[in-house]
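Asks: from the sequence below, what's the structure:
(one chain, ligands or ions: 1)
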Amino acid sequence: GGLRGATVIDALDTLYIMELEEEFQEAKQWVEQSFDLNVNGEASLFEVNIRYIGGLLAAFYLTGEEVFKNKALELGEKLLPAFNTPTGIPRGGSLSSPCSGMSWSWGWASAGSSILAEFGTLHLEFLHLSELSGNPVFAEKASDCFPFVKLLFVHHQPEALFCLPTTDHVSIGGLGDSFYEYLIKSWLMSDKKDSEAKQMYDDALEAIEKHLVKKSAGGLTYIAEWRGGILDHKMGHLACFSGGMIALGAQQEPEERRQRHMGLAAEITSTCHESYARSGRDTSQGPRLLQTPVPSLAWGIQGSSCSGHPPEQISSSRERVGVESRGLGGCCAAPQALEKHCRVESGFSGIRDVYSTTPTHDNMQQSFFLAETLKYLYLLFCEDDVLSLEDWVFNTEAHPLPINHTELGA
Ligand code: DMJ
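Replies: Below is the predicted model:
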């Protein structure tokens, strides 16, 4: 959007965690002196929230430096006009101009409709904005979306599969993904007190298991999509985060369910690993949108460009390893392949076609490469008590936010 510095802010906590002191100080100085919120441009509520607000909050919680808290709160205020809709639910894209405070929506979000993964991916960050400012408005705005989600839950079937509003489309991948992630993480971040979020997560996962989880003829487990009552046998790359989500939730379950969910998490992650392994580029690049014709897994038909080292596979490996202490052997291939195929003179670039024998770079280093891909890779090889999952939840852009261990009312 119109805001500058996404890469700097998305990378702050990664620099800090990796003890890159000099680079961290340089980035902090940029935030202090050059991060300008008074720009006249468009910025997406969802992206600003997960990358900028999440990045600034994590930097504040890790370092205690007030500048990060103040910038997060200032930016949070600028996002509030996005909720000025008749329903209080931000529209798809939910652009708000940081300068004018106006809000409008992406042209491609038809008829001003809302996107589940966008209005359902605010809760973690907005709760912290309220906690830090003492102003309940942020938590209220994010929570006000939930009665609407429950309506979707009640009126759309099958069971607890949450449709994208105004459509009969259910997806654990793009447009739906992090909504499910934020249900279980809201419960964890509340120190397991937000039982409503947990119940919604449990109901959703049960319906996903019952209706969407399928196995290909070749024995690969995948999560299909659902359109108007008909299963669509494809799994987009973004759905690969769900292995980590299911493993994280499984830790809280009684033994039988824990084992079943850990098995499912491992199978999905393995399918996603296969999508990399079979791309012919080692494991650096999964097709960005697999459009995978599961169950045949006939790679190369479409969707073969990959614009930037998507982190979902690695985040799932990290959360699985974090909770399960599995071996790390398979994880070494990813950084090696990134080094081999993606490193360019001034950074790491995506490549346009993973199937090409002479791949060309797309001249783009996504900010989530530093925020997510490298951070999760680093954490995979650290001791588990560096950012223990007992004390932190990761927002959907891998920014750690502290679990609220204080007693209610204390
Ligand atoms: C990230 O920006 C976030 O993880 C988001 O939720 C969806 N995926 C991208 C990276 O692929």
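Asks: was I right about Leu129 contacting Ala72?
Replies: Yes: contact criterion Cβ atoms under 8 Å: Leu129 and Ala72 qualify, at 6.7 Å. C-betas here are computed from N, CA, C, even on glycine.
Asks: what stretches of this protein score poorly on pLDDT?
Replies: The model of the chain has pLDDT under 70 over residues 1, 93-112, 147-167, 280-310, 317-331, 407-410.
Asks: circling back to that earlier point, what is in contact with Leu129 and Ala72 at once?
Replies: With contacts taken as Cβ atoms under 8 Å, 6 or more residues apart in numbering, Leu129 and Ala72 have 53, 57 as neighbours in common.
Asks: tell me what the longest helix along the chain is packed against?
Replies: Secondary structure of the chain read by DSSP state H shows that its longest helix is helix 255-277. The contact analysis (3 or more Cβ pairs under 8 Å, 6 or more residues apart in numbering; DSSP states H and E) places helix 255-277 against strand 221-223, helix 242-250, helix 312-324.
Asks: and Asp391, how many neighbours does it have?
Replies: Burial of Asp391 is recorded as 11 neighbouring residues (other Cβ atoms under 10 Å).
Asks: what's the closest non-adjacent residue to it?
Replies: Leaving aside its chain neighbours, Asp391 sits nearest to Ile403 (5.6 Å; criterion: Cβ to Cβ, 6 or more residues apart in numbering).
Asks: distance of the one you found relative to Ala277?
Replies: Distance from Ile403 to Ala277, counting by Cβ to Cβ, to the nearest Å: 35 Å.
Asks: try Phe394
Replies: Phe394 is 25 Å from Ala277, by Cβ to Cβ.
Asks: between those two, which one's more packed in?
Replies: Each of Phe394 and Ala277 has its neighbours counted (other Cβ under 10 Å); Phe394 has more, 25 against 15.
Asks: now do the same contact list for the nearest residue to the more buried one once chain neighbours are set aside.
Replies: Leaving aside its chain neighbours, Phe394 sits nearest to Pro400 (5.6 Å; criterion: Cβ to Cβ, 6+ apart). Applying Cβ under 8 Å, 6+ apart to Pro400 gives the contacts 13, 58, 61-62, 387, 392-394.
Asks: among those, which ones are buried?
Replies: Buried members of the contacts of Pro400, scored by 16 or more other Cβ atoms under 10 Å, are 13, 58, 61-62, 387, 392-394.
Asks: ok, those residues vs Tyr182, which is closest?
Replies: Val393 (9.5 Å; Cβ to Cβ).
Asks: helices of the stretch 1-150 of the chain, residue ranges please.
Replies: Assigned by DSSP state H, counting those that start in this stretch, the stretch 1-150 of the chain shows helices spanning 6-17, 21-34, 45-47, 54-63, 66-79, 116-119, 123-133, 137-143, 145-155.
Asks: which among those is found nearest to Leu374?
Replies: The closest of these to Leu374 is helix 6-17. By Cβ to Cβ, the value is 6.0 Å.
Asks: what is the neighbour count of the closest residue to the ligand within the stretch 151-300 of the chain?
Replies: Closest to the ligand within the stretch 151-300 of the chain is Ser178: 4.4 Å, counting by Cβ to the nearest ligand atom. The number of residues packed near Ser178 is 25, by other Cβ under 10 Å.
Asks: and for Leu132?
Replies: Neighbourhood size, Leu132 [other Cβ under 10 Å]: 17.
Asks: nearest residue to it other than its sequence neighbours?
Replies: Closest to Leu132 by Cβ to Cβ, 6+ apart is Lys69, at 5.7 Å.
Asks: surely Thr396 meets Ile50?
Replies: Yes: using Cβ under 8 Å, Thr396 is in contact with Ile50, at 5.3 Å.
Asks: what do these two both touch?
Replies: Residues touching both Thr396 and Ile50 by Cβ under 8 Å, 6+ apart: 121, 178.
Asks: check which helix or strand Ala207 maps to.
Replies: If you go by DSSP states H and E, Ala207 is part of helix 195-207.
Asks: please state the offset of that helix from the chain centre?
Replies: Distance, stretch centre to chain centre, for helix 195-207: 18 Å (Cα atoms, centre = their mean, to the nearest Å).
Asks: do I have it right that the residue nearest to Asp391 meets Leu188?
Replies: Yes: Ile403 is in contact with Leu188 according to Cβ under 8 Å; the separation is 6.4 Å.
Asks: more neighbours, the two?
Replies: Per other Cβ under 10 Å, whichever of Ile403 and Leu188 has more neighbours is Leu188, with 23 against 18.
Asks: can you tell me how far the more buried one is from Pro86?
Replies: Using Cβ to Cβ, Leu188 is found at 33 Å from Pro86.
Asks: repeat for Leu338
Replies: Separation of Leu338 from Pro86 (Cβ to Cβ): 46 Å.
Asks: quick one: which of those two has more around it?
Replies: Remark: of Leu338 and Pro86, Leu338 carries more neighbours, 21 against 6, as counted by other Cβ under 10 Å.
Asks: quick one: list the elements packing against the host helix or strand of the more buried one.
Replies: Element membership for Leu338, per DSSP H and E: helix 333-341. If you count contacts as 3+ Cβ pairs under 8 Å, 6+ apart, helix 333-341 packs onto no helix or strand.
Asks: quick one, that helix and helix 255-277 angle?
Replies: Interaxial angle of helix 333-341 relative to helix 255-277 (axes from the mean of the first three to the mean of the last three Cα atoms, to 10 degrees): 20 degrees.
Asks: buried residues in helix 333-341?
Replies: 334-335, 337-338, 341.
Asks: check stretch 36-54 too.
Replies: Quick answer for stretch 36-54 (16+ other Cβ under 10 Å): 42-54.
Asks: count of residues packed around Gly219?
Replies: What Gly219 shows, counting by other Cβ under 10 Å, is a neighbour count of 10.
Asks: so what's it up against?
Replies: Taking Cβ under 8 Å, 6+ apart as the definition, Gly219 has no contacts.
Asks: next, it: phi, psi?
Replies: The phi/psi pair for Gly219 (degrees, to the nearest 10) reads phi 90, psi 20.
Asks: could you do Trp226 as well?
Replies: phi -140, psi 120.
Asks: what's across from it in the sheet?
Replies: Following DSSP bridges, Trp226 is listed with bridge partners Val170, Leu231.
Asks: Glu125 contacts Ile53, doesn't it?
Replies: Yes: Glu125 is within contact range of Ile53, at 4.7 Å (criterion: Cβ under 8 Å).
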